[in-house]
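*Asks:* A predicted structure for the sequence below; I have some questions about it.
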Amino acid sequence: MSGVTFKILVLFVAIGGGLVYKNVSQLWGDLPKPELDPQQWWGDDAEPKDYAAYLVNSSEVIGNKLSYPEKVSETSVAHQLIDNSPQFLQTIQDLKDRLNRTLRLTPPLEGVAFEYGFNTDYLKEVVEYWRDDYLPRWREREVFLWQFNHFTTDIQGLRMHFLHLMVYDENKVGKQHYPVLLLHGWPGSVREFYDLIHLLHQSNLDKNNKYIFDVVVPSLPGYGWSEGTSRKGLGPAQVAVMMRNLMLRLGYDKFFIQGGDWGSIIGSNIATLYPENVLGYHSNLCNSMSPKSFVKGFMAGFWPSLFTPSGYEDFFFPKSKELKYLVEESGYFHIQATKPDTVGAALTDNPVGLAAYILEKFSTWTNASYRSLKDGGLTKRYKMDALLDNLMIYYLTNSITTSQRLYAEQYAKEQRDLQLERVPTSVPTGCARFKSDIFHFLDFQLQDKFKNLVHSTYHKQGGHFAAFEVPKVLYKDFIDFVKTVERKFRIKTL
């Protein structure tokens, strides 16, 4: 080969290598943080021309209690918490009437428990308990639900509902005091966090526990008592903007975040878009959906022992088992990401259908093996009253359709184009994995997204709804994360 030929070959290799690197980088590399409009308007009314004036006029935080009338004639419908529109005029008597109707359910197949979905024989038992035991005690359940301080305020044109617990000055003495934002997902609600709230806020003051928190727990837009939007485009990135604005409204410019399900994605988005406001991000469903992450996960499957802590290989492998489970359990996801209003129409004013649709998730997502049980194992890890509390929030607020639209918005082109999964964050991050959750990501996959992954744990017991199922375990994991952040980053308390 002549010298000229060799030089030409080298030139072509260099050009080819450069083109490959450029194309791979476009698909693979980190991206800069996008700028989202912190004032984007989601209300039904026209966007205010003077946004500063709107902020002044809408910044009031209103305290509320939950109250629904026993009969239509009563007028004390959710004291200022909900309005008088028809969707909020559901009554307990109306619900009783609907549950009293003759059920014409198709019997399950022979030998089938929850493998085909909610077992209709057991569904009859749930309906009977709901109607004859739970509903007669509804006033008791209301008192339980408003044991914490409920508030509403306007954020970007929408009425936002949230719980807010502040620490009294005398209870701060000698303690590390921080604010924390708790974020739920679907089909959950603020109800999931009640036990965890008590632990974080130290409802029963413990002189030996030096960690105490101001706790903020919002209902996501379109969930529960938070207003949904009539405009397209309110996806997890835009919800993150709203949650950050809520925290700033309450006076917290730096705070911790804890979340699972949608709360994990929204929390990650806050940490990505506003790292200056986040002391630490802790999730029980850490994930990284970037192309690089999936390639790394595929590679790790060939040498699991190189990437997985000893004793926890079964959290991640075999991937064929995880894929089979995801295919079996993701039908709802595809429907809600493409036709949320269709399934929403089927579930609206349909308490029995809504119970089957929502409660089934608390069976299979808590432990996949519960599908083989005729009662779905629902009361193995939860009390039926707690499950019905969460169900009542969806039913009484008529929020099933608006809650499901978040799936469609997540996979809309405008949301995908943000590519937030490829935007890294330097916020201290903690990941708690619970064995029976839907999926898990390796540290090897997460570290490209979360540059300061400082806390990574594994729990043999627990599933998707960790705050609801194992609040004490999640609490300890979160506190251990906070301690690590304190040690490594020397953060300041309130």
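*Replies:* Done, it's in.

*Asks:* Show me where the stretch 301-450 of the chain dips below the pLDDT cut-off.
*Replies:* Of all residues in the stretch 301-450 of the chain, none has pLDDT under 70.

*Asks:* residue boundaries of the helices in it?
*Replies:* Using DSSP state H, counting those that start in this stretch, the helices found in the stretch 301-450 of the chain span residues 304-307, 319-329, 331-338, 340-347, 351-364, 378-381, 384-397, 400-410, 413-416, 443-446.

*Asks:* Where do the strands of this protein begin and end?
*Replies:* Assigned by DSSP state E, the strands in the chain fall at 62-64, 150-155, 158-165, 176-183, 211-218, 255-259, 278-283, 429-434, 453-459.

*Asks:* nearest to residue 118, of these?
*Replies:* Ranking the strands of the chain by proximity to residue 118 (C-beta to C-beta) places strand 429-434 first, at 22.9 Å. (C-beta placed from N, C-alpha, C; glycine too.)

*Asks:* still on that earlier bit, which among the helices of the stretch 301-450 of the chain is found nearest to residue 146?
*Replies:* Nearest of the helices of the stretch 301-450 of the chain (C-beta to C-beta): helix 384-397, 11.6 Å.

*Asks:* before we move on, back to that, can you redo the strands of the chain as TSV with distance to residue 199 and mean neighbour count?
*Replies:* Below are the strands of the chain laid out as TSV (distance: least, C-beta to C-beta, whole Å; neighbours: other C-beta atoms under 10 Å):
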stretch	distance to residue 199	mean neighbour count
strand 62-64	23	14
strand 150-155	20	22
strand 158-165	12	21
strand 176-183	11	23
strand 211-218	9	24
strand 255-259	12	26
strand 278-283	14	26
strand 429-434	15	26
strand 453-459	16	18
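
*Asks:* Just give me the lowest mean pLDDT stretch among the ones you listed.
*Replies:* Lowest mean pLDDT within the strands of the chain: strand 62-64, a mean of 80.

*Asks:* That one pairs with which strands, parallel or anti?
*Replies:* Strand 62-64 has these partner strands in its sheet, going by DSSP bridges: strand 150-155 (antiparallel).

*Asks:* Just the angle for the strand it pairs with relative to strand 211-218, thanks.
*Replies:* Angle, strand 150-155 to strand 211-218, by axes from the mean of the first three to the mean of the last three C-alpha atoms, to 10 degrees: 60 degrees.

*Asks:* Quick one: residues in contact with strand 150-155.
*Replies:* When contacts are defined by C-beta atoms under 8 Å, 6 or more residues apart in numbering, strand 150-155 is touched by residues 43, 58-66, 80-81, 159-164, 225, 242, 245-246, 249.

*Asks:* before we move on, the earlier item: now that we have the strands of the chain, can you turn them into CSV and tack on distance to residue 127?
*Replies:* Shown next, in CSV, are these (distance: least, C-beta to C-beta, whole Å):
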stretch, distance to residue 127
strand 62-64, 30
strand 150-155, 28
strand 158-165, 28
strand 176-183, 31
strand 211-218, 29
strand 255-259, 32
strand 278-283, 35
strand 429-434, 30
strand 453-459, 34
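
*Asks:* how about residue 365, what does it touch?
*Replies:* Residue 365 neighbours (C-beta under 8 Å, 6+ apart): 329, 437, 438, 463, 464, 465.

*Asks:* rerun that using 10 Å as the cut-off
*Replies:* For residue 365, the contacting residues are 187, 261, 329, 436, 437, 438, 463, 464, 465, 469, by C-beta atoms under 10 Å, 6 or more residues apart in numbering.

*Asks:* Double-check residue 393 against residue 194; I have them as touching.
*Replies:* No: with contacts counted by C-beta atoms under 10 Å, residue 393 stays clear of residue 194, the gap being 11.9 Å.

*Asks:* what is in contact with these two at once?
*Replies:* Common neighbours of residue 393 and residue 194 (C-beta under 10 Å, 6+ apart) are residue 145.

*Asks:* count of residues packed around residue 209?
*Replies:* If you count neighbours by other C-beta atoms under 10 Å, residue 209 ends up with 13.

*Asks:* which phi and psi does it have?
*Replies:* Backbone torsions for residue 209, taken as degrees, to the nearest 10, come to phi -100, psi 110.

*Asks:* what about residue 266, distance to residue 409?
*Replies:* With distances taken as C-beta to C-beta, to the nearest Å, residue 266 is found 12 Å from residue 409.

*Asks:* same deal with residue 358?
*Replies:* Distance of residue 358 to residue 409, given as C-beta to C-beta: 20 Å.

*Asks:* Quantify the burial of residue 291 by counting its neighbouring residues.
*Replies:* When neighbours are defined as other C-beta under 10 Å, residue 291 has 13 of them.

*Asks:* now residue 109
*Replies:* 10.

*Asks:* got a list of what it touches?
*Replies:* By C-beta under 10 Å, 6+ apart, the contact set of residue 109 is 115, 116, 119.

*Asks:* returning to that earlier point: out of the contacts of residue 365, grab the one that's most surrounded.
*Replies:* residue 465 (26 neighbours).

*Asks:* would a markdown table of the helices of the stretch 301-450 of the chain with distance to residue 130 be doable?
*Replies:* Shown next, in a markdown table, are these (distance: least, C-beta to C-beta, whole Å):
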| stretch | distance to residue 130 |
| --- | --- |
| helix 304-307 | 45 |
| helix 319-329 | 25 |
| helix 331-338 | 22 |
| helix 340-347 | 16 |
| helix 351-364 | 7 |
| helix 378-381 | 13 |
| helix 384-397 | 6 |
| helix 400-410 | 16 |
| helix 413-416 | 36 |
| helix 443-446 | 40 |
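
*Asks:* Nearest spatial neighbour of residue 336, chain-adjacent residues omitted?
*Replies:* Once flanking residues are discounted, residue 336 sits nearest to residue 407: 3.9 Å by C-beta to C-beta, 6 or more residues apart in numbering.

*Asks:* about what we covered before: could I have the PyMOL command that selects the buried members from the contacts of residue 109?
*Replies:* Applying 16 or more other C-beta atoms under 10 Å to the contacts of residue 109, the buried members can be selected in PyMOL as follows:
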select buried, resi 119
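
*Asks:* ok, of the contacts of residue 109, which one's closest to residue 131?
*Replies:* Closest approach between the contacts of residue 109 and residue 131, by C-beta to C-beta: residue 119, at 18.3 Å.

*Asks:* got a list of what residue 374 touches?
*Replies:* Residue 374 sits next to 108, 112, 113, 114, 119, 121, 122, 125 when contact means C-beta under 10 Å, 6+ apart.
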